[in-house]
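K.L.:
Predicted structure and sequence below. I'll ask about it afterward.
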Amino acid sequence: MSALNDPAVVAREYADESRLAFRRAVHQRGSGPDARQVVFEAVAEVAPRRVLELGPGEGELAERIAGELGADVHAVDQSPRMVELSRARGIDALLGDAQALPFVGGIFDCVVAAWMLFHVPDLERALLEVRRVLRPGGRFVAATNSEHTLQELWTLVGFSPGYTFSAENGEWSLLRHFTLVERRDVRGTITFPDREAARRHVAASIIAGHLADELPPFDGPLSASRHMVVFVCEP
């Protein structure tokens, strides 16, 4: 088990939204396509009537799906604060565990897990639960990072990210549970204007925050690669 899927670490990290919002803002300022837009489009393609989002964070994606697609959106998160924020957006959010979803089987047209499956201690249990609650012919949309995202930054602090669910290994986990797995790669760059901006991003990392002060001095901006993938899965 790593810090990314250690329940105690994850609980502390998402006790409030500040660090999550900081990391998300950095990616939103990057070049290239918006990975969250790719997630939304993958959901919209099936015109779902009932959607479940696992780990909704602040709830903005769930709110958009409900508002723009007219879907009945439910959400499950282990963080009381994230549940509170999602409910404030009008989402039917429940405190719960992706490994034991509080729903009967076959009731959702689409399930979404955006950048959260690497937080699940038992990925196989979570994927079995996703299959259970999806209706026949439903769609699962799962987004995650590549191991090489921000490699230019991580190299400077001597760090190599490890994800239990990544662009490199996620497809194999999904193929054990879904017949069709399509990957939609999203690439671009993130530019840190100076060392201090890069240091703040390292400090906000769940798994590399302790290395922030190890970042060596450098002149000018630092451009780092950005690679995410959206998996679109069907039974």
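P.N.:
Okay, I see it.
K.L.:
Need the CA coordinates for stretch 87-98. CSV is fine.
P.N.:
C-alpha atoms of stretch 87-98 as CSV (Å, rounded to 0.1, in the frame of the first residue of the first chain):
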residue,chain,number,x,y,z
ARG,A,87,-24.6,18.3,-1.9
ALA,A,88,-24.2,22.1,-1.9
ARG,A,89,-24.2,21.8,-5.7
GLY,A,90,-27.5,19.9,-5.6
ILE,A,91,-26.0,16.5,-6.0
ASP,A,92,-27.4,13.5,-4.1
ALA,A,93,-24.1,12.6,-2.5
LEU,A,94,-23.5,9.9,0.0
LEU,A,95,-20.7,9.1,2.4
GLY,A,96,-19.6,5.6,1.3
ASP,A,97,-16.9,3.3,-0.1
ALA,A,98,-16.3,2.5,-3.8
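K.L.:
OK, contacts around the residue nearest the centre of the chain?
P.N.:
Centroid check for the chain by Cα atoms, centre = their mean gives residue 115 as the closest residue, at 1.0 Å. Contacts for residue 115 (Cβ atoms under 8 Å, 6 or more residues apart in numbering) come out as 55, 143, 144, 145. Where you see a C-beta, it was placed from the backbone N, CA and C, and this is true even at glycine.
K.L.:
what do you get for residue 233?
P.N.:
139, 140, 141, 142, 174, 177, 178, 180, 181, 182.
K.L.:
cool, residue 5 as well?
P.N.:
Residue 5 neighbours (Cβ under 8 Å, 6+ apart): 118, 119, 120, 121, 164.
K.L.:
can you tell me which two in those are farthest apart?
P.N.:
Based on Cβ to Cβ, the longest span within the contacts of residue 5 runs between 118 and 121 and measures 10.5 Å.
K.L.:
These two: which is more packed in?
P.N.:
For residue 118 versus residue 121, neighbours defined as other Cβ atoms under 10 Å are more numerous around residue 118 (22 against 16).
K.L.:
is it true that that one touches residue 143?
P.N.:
No. Using Cβ atoms under 8 Å, residue 118 is not in contact with residue 143, being 10.7 Å away.
K.L.:
Please pull out the lowest mean pLDDT helix or strand from this structure.
P.N.:
Least confident helix or strand of the chain, by mean pLDDT, DSSP states H and E, is helix 18-28 with a mean of 77.
K.L.:
Thanks a lot, see you next time.
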